[in-house]
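> From the sequence below, what's the structure:
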Amino acid sequence: MATVHWVCTREGANSDETTIEKAYNWNERRKGFVPKQITLACEVLKNEAWM
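Modelled structure (predicted):
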């Protein structure tokens, strides 16, 4: 969730596709997350008003 929060608030990711792309560009380890996990993290962060 921290990676998703960072790419959305600091790197300007404003769509699920951009968030996934930016998260995957961080390093190979981030590619272990499937797109559904990343979009779910976005939903949770938005629902909790953390971004």
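
> Contact partners for the residue positioned nearest the centre of the chain?
For the chain, the residue whose C-alpha lies nearest the mean C-alpha position (CA atoms, centre = their mean) is Val4; its distance is 2.7 Å. Residues near Val4 by CB atoms under 8 Å, 6 or more residues apart in numbering: Thr19, Ala23, Ile38, Ala41, Cys42, Leu45. (Glycine included, C-beta is placed from N, CA and C.)

> Please flag which of those residues sit within helices.
Assignment to helices by DSSP state H places the following of the contacts of Val4 there: Thr19, Ala23, Ile38, Ala41, Cys42, Leu45.

> would you list those in CSV and tack on distance to Gly12 and neighbour count?
CSV is the format used below for the ones in helices among the contacts of Val4 (distance: CB to CB, whole Å; neighbours: other CB atoms under 10 Å):
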residue, distance to Gly12, neighbour count
Thr19, 10, 22
Ala23, 13, 23
Ile38, 16, 24
Ala41, 17, 19
Cys42, 14, 21
Leu45, 15, 17
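
> Next, format those as CSV and append pLDDT.
Shown next, in CSV, are these (pLDDT from 0 to 100):
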residue, pLDDT
Thr19, 96
Ala23, 95
Ile38, 96
Ala41, 96
Cys42, 94
Leu45, 95
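
> Among those, which pair sits farthest apart?
Taking every pair in the ones in helices among the contacts of Val4 and measuring CB to CB, the maximum separation is 12.8 Å, between Ala23 and Leu45.

> Identify, from the contacts of Val4, the entry nearest to Lys31.
Comparing every one of the contacts of Val4 with Lys31 (CB to CB), the shortest separation belongs to Ala23, at 8.6 Å.

> my guess is the closest one meets Gly32, correct?
No - when contacts are counted by CB atoms under 8 Å, Ala23 is not listed as touching Gly32 (10.6 Å).
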